[in-house]
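In: build me a structure from this.
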Amino acid sequence: MSCLSVMISLVNLSKHYPSKTLFDNLSLKISLKERMAIVGPNGAGKSSLLKMIAGLLEPDSGQVVLPVGARIGYLPQDLEIVSDRTAVHEVVGGDVALQRLEDEMQELEGKMSRPDSLSDVEMERLLTRYGDLQTRFSSSGGFEQEANARRILAGLNFSPAQMDTKVSQLSGGWRMRVALARTLITQPEILLLDEPTNHLDIPSIEWLEEFLVQFSGSVLLISHDRTFMNHVINGVIELLHGRATVFHGNYDTYLTQREAQREAQETAYERQQQEIARIQSFVDRFRAKASKATQAQSRLKALDKIERIELDSDERKVKFKFPQPPRSGNIVISLTGITKSFGERLIIPPLDFVLHRGSKIALVGPNGAGKSTLLRIMAGVLKPDKGTCSLGTNVTLTYFAQHQLETLDPHHTVLEAMEDAAPDTESQTRIRSLLGAFLFRQDEAYKKVSVLSGGEKSRLALARMLLVPSNFILLDEPTNHLDISSRECLETALSAYTGTLAFITHDRHLIETIATDILEVTPGRIIPYLNTPYAIYLEKRKMANPAQSPDMASSSGKGNPGAPLKPDHTGQSMQDAALIKKKMDRIESEIEIIEKTLETLSLELAGPRFLDSSDYKVKSEKKKLEQKMEETRRRRDSLTKEWEKEAGRLPA
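Out: Below you'll find the predicted structure:
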């Protein structure tokens, strides 16, 4: 199958429900090696479209055409595996075809282990069949499957002990990772992933990014993680008002193209409205005059024939800001000699740390290293084994726990949940206003918490936070279940927040946008990087050799803890070369996307509607396309120079 052959063809798909229409005659073609994100507002049909491609949901009309025999790997949004098998054996069992071969081989082994019960002819037949199965099992990679399963689980941050733990004994988040690993190990031609980064920490997300970039088949995914999409995808399918529009490039490129498209649409709409008003004015003035009546009727008919441009209505968006908090003292919190262990396992090593007013510090590191434990100690909901944790002068604290949604009373209505968290002096007007800002308007305020979606519960939990102004906010995974629009609103609110912030999130875009400082929490070690944005922290970590790192566990924030750790100079040239080559690979990928965009623009400009046209609107559109093409060429040339510069830096 060539690189240009169509892998997935959606032909006139329609799906209707009593309350709404998801799609109507939707058609798309998705080629081999495309890695595309499906985006759109909640309820647009993103998950439904994935289910149709996976064959789990029937369209009302139309069809999904796939290559004959194509293997599909599908990961639903919140699949949790319940199994008494170990994690590694559950993952190995994810390849159903291989599992069937292995099951039959084991069945034959059982029969052949009792030779006295078999005739020579039967034994010969079983041996022949077993040899055939063994050949097929080997050629399909069956004997390497457990090693592959362990490699994937290791990438998803499983320890060897966890790999051999029964799935039933793992937490929900780790069972989700097992489900993801089961999907990846099947090596499908088409991979469908619905929110695959849910429950993953940043190291696991980075591993998954690398896996998908190297994946040789087609990928269709739904995600609310902007950074993840920017690193993985080369195209976007936007679902809006039952239509599908394809954009080339990563997510940021899509946003730029979408904004330009909306501006062009608004300009065209305004011009059309002016023309309609001009014609209508003529008709109204001269319809009654005998000398002009014919012309008026003619223009009225022309008016009826105009195909009206409709502006895309704005989707409902969360809008809020944190209330202005009272000013605290310069020192917000002091940790002095604190430690915390669970059983024999030391989670928080001896730590001295001071957080100052105005800091917005992100706690980063793998899951299980102690980030949430440290945040809970800072919030005062967990006591350290040793040492003291003291708040500064005039500090008022609000803590958003990782499992905050589970603390909501399912029997409460949305309004009652807000009233329960509000001070006695809070007015109904302000409570209803806050609920409206978080999209709980009118009758939606009377919905029971038990029927809310994960995203709705997250919005409600955030709304409750705003009832009391605080100058020190601690957030543990606040973006879970939030869509991109709501995440962007949270980013804006946190950027404008004038208090002090400590937060944990696997949303790297949020860290990049908000964090002024980084606190790296790894097993047995906590290292502050003060006055260090996330991008600089990542560069320092790339250049660092952890084996040579100074012991920062007892850092008080004095001196220069944000300085790069001591590198191992003997391996530095090799490390530099690897970093340069990785950057060159990223540049090459972006140039490839740009070349596709230029090809698309060239074909569009060569189309018949732009040939010898005297229409002002068409000429204006052509000029915009030509400008866009020129800007795209300049970007390509700039990237080419950057690639050449990096190539020149490679060690001889």
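In: in the helix or strand hosting Glu599, what counts as buried?
Out: The secondary structure element spanning Glu599 is helix 572-605 (assigned by DSSP states H and E). For helix 572-605, burial by neighbour count (16 or more other Cβ atoms under 10 Å) applies to Gln575, Asp576, Ile580, Met584, Ile587, Glu590, Ile591, Ile593, Ile594, Thr597, Leu598, Leu601. Glycine gets a C-beta too; all of them are placed from N, C-alpha and C.
In: and for stretch 446-453?
Out: Applying a neighbour-count criterion of 16+ other Cβ under 10 Å, one finds Val449, Leu452 buried in stretch 446-453.
In: what's the straight distance from one end of it to the other?
Out: Stretch 446-453 has an end-to-end distance of 15 Å (criterion: Cα to Cα, to the nearest Å).
In: centre of the chain to it, how far?
Out: A distance of 25 Å separates the C-alpha centroid of stretch 446-453 from that of its chain, computed with Cα atoms, centre = their mean, to the nearest Å.
In: ok, and what's touching that stretch?
Out: 408-415, 417, 440, 456-457, 460, 481 (Cβ atoms under 8 Å, 6 or more residues apart in numbering).
In: which of those lies closest to Thr128?
Out: When these are ranked by distance to Thr128 (Cβ to Cβ), His481 comes first, at 55.0 Å.
In: just the pLDDT for the nearest residue to that closest one once chain neighbours are set aside.
Out: Nearest residue to His481, sequence neighbours excluded (Cβ to Cβ, 6 or more residues apart in numbering): Gly454, at 3.5 Å. Gly454 carries a pLDDT score of 77 in this model.
In: test my guess that Gly454 contacts Glu406.
Out: No - with contacts counted by Cβ atoms under 8 Å, Gly454 stays clear of Glu406, the gap being 11.2 Å.
In: so which of those two has more stuff around it?
Out: Of the pair Gly454 and Glu406, Gly454 is the one with more neighbours under other Cβ atoms under 10 Å, namely 14 against 10.
In: so what's that one up against?
Out: Under the criterion of Cβ under 8 Å, 6+ apart, the contact list for Gly454 reads Leu405, Asn480, His481.
In: pretty sure Ser83 contacts Val167?
Out: Yes - taking Cβ under 8 Å as the contact criterion, Ser83 and Val167 are neighbours in contact, 4.2 Å apart.
In: re the thing from before, average pLDDT for the helix holding Glu599?
Out: Per-residue pLDDT over helix 572-605 has a mean of 71.
In: tell me what the longest helix along the chain is packed against?
Out: Secondary structure assigned by DSSP state H gives helix 251-286 as the longest helix of the chain. If you count contacts as 3 or more Cβ pairs under 8 Å, 6 or more residues apart in numbering; DSSP states H and E, helix 251-286 packs onto strand 35-39, helix 226-232, strand 235-240, strand 243-248, helix 293-305, helix 616-649.
In: so which of the ones you listed gets nearest Phe472?
Out: The minimum distance between Phe472 and the helices and strands packed on helix 251-286 falls on helix 226-232, with 26.9 Å, by Cβ to Cβ.
In: tell me how many other residues crowd Cys330.
Out: Actually, residue 330 is Asn rather than Cys. One way to gauge burial is a neighbour count; for Asn330, by other Cβ under 10 Å, it gives 11.
In: likewise His89?
Out: The local packing count at His89 equals 16, with neighbours defined by other Cβ under 10 Å.
In: which secondary structure element contains it?
Out: Taking DSSP H and E as the definition, one finds His89 inside helix 87-92.
In: who's in contact with that helix?
Out: With Cβ under 8 Å, 6+ apart as the test, helix 87-92 has contacts from 81, 83, 98-99, 145-146, 149-150, 152-153, 158, 162-167, 170, 174, 178, 181-182, 185.
In: for ChimeraX, what selects the buried ones among those residues?
Out: What follows is the ChimeraX syntax selecting those of those that are buried according to 16+ other Cβ under 10 Å:
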select :81,98,145,149,150,152,153,158,162,163,165,167,170,174,178,181,182,185
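In: tell me which of the helices and strands packed on helix 251-286 lies nearest to Phe211.
Out: helix 226-232 (9.4 Å).
In: that older thread, identify, from the buried residues of helix 572-605, the entry nearest to Gln274.
Out: When the buried residues of helix 572-605 are compared for distance to Gln274 (Cβ to Cβ), Leu601 wins out at 29.0 Å.
In: surely the closest one touches Lys628?
Out: Yes - with contact defined as Cβ under 8 Å, Leu601 counts as touching Lys628 (6.6 Å).
In: picking up where we left off before, return the member of the buried residues of helix 572-605 nearest to Asp132.
Out: Using Cβ to Cβ, the buried residues of helix 572-605 come closest to Asp132 at Ile593, 45.5 Å.
In: what about the contacts of helix 87-92, which are in strands?
Out: Cross-referencing the contacts of helix 87-92 with the strands (criterion: DSSP state E) gives no overlap at all.
In: identify those among the contacts of helix 87-92 that sit within helices.
Out: Counting by DSSP H, the contacts of helix 87-92 contribute 98-99, 145-146, 149-150, 152-153, 162-163, 174, 178, 181-182, 185 to helices.
In: please name the nearest non-neighbouring residue to the residue nearest the centre of the chain.
Out: In the chain, the centroid-proximal residue (Cα atoms, centre = their mean) is Asp225; its distance is 2.3 Å. On the basis of Cβ to Cβ, 6+ apart, the spatially nearest residue to Asp225 that is not a chain neighbour turns out to be Thr197, at 4.9 Å.
In: give the burial count for the one you found, as a bare number.
Out: By the criterion of other Cβ under 10 Å, Thr197 has 22 neighbours.
In: and the worst-scoring helix or strand of the chain on mean pLDDT with helix 251-286, angle?
Out: The helix or strand of the chain with the poorest confidence is helix 572-605; it has a mean of 71 (mean pLDDT, DSSP states H and E). Between the axes of helix 572-605 and helix 251-286, defined by axes from the mean of the first three to the mean of the last three Cα atoms, to 10 degrees, the angle is 20 degrees.
In: run the chain-centre distance for the longest helix of the chain.
Out: Between the mean C-alpha location of helix 251-286 and the chain-wide mean there is a distance of 33 Å, by Cα atoms, centre = their mean.
In: list the buried residues of that helix.
Out: Buried residues in helix 251-286, counted by 16+ other Cβ under 10 Å: Tyr251, Thr253, Tyr254, Leu255, Gln257, Arg258, Ile279, Phe282, Val283, Phe286.
In: ok, the fifth one touching Tyr251?
Out: No - taking Cβ under 8 Å as the definition, Gln257 is not a contact partner of Tyr251, at 10.7 Å.
In: who touches both of those two?
Out: Here Gln257 and Tyr251 have no joint contacts, going by Cβ under 8 Å, 6+ apart.
In: which residues are in contact with stretch 415-425?
Out: Stretch 415-425 is contacted from outside by 408-409, 412, 431-432, 434-435, 445-446, 449, 460, 463-464, 467-468, using Cβ under 8 Å, 6+ apart.
In: mark which of these are buried, thanks.
Out: Among those, those that count as buried by neighbour count (16+ other Cβ under 10 Å) are Leu408, His412, Ile431, Arg432, Leu434, Leu435, Ala445, Val449, Leu460, Ala463, Arg464, Leu467.
In: which pair in the contacts of stretch 415-425 spans the largest distance?
Out: Distance extremes for the contacts of stretch 415-425: the farthest pair is Tyr446 and Val468 at 23.7 Å, using Cβ to Cβ.
In: for Asn75, what are its contacts?
Out: Careful, residue 75 is Leu and not Asn. Contact criterion Cβ under 8 Å, 6+ apart gives Ala179, Leu180, Thr183, Leu192, Leu193, Asp194, Pro196 as the residues in contact with Leu75.
In: find the nearest non-adjacent residue to it, please.
Out: Counting by Cβ to Cβ, 6+ apart, Thr183 is the residue found nearest to Leu75 once chain neighbours are left out, at 4.5 Å.
In: what sits against the one you found?
Out: If you count contacts by Cβ under 8 Å, 6+ apart, Thr183 has them with Gly73, Tyr74, Leu75, Gly94, Leu191, Leu193.
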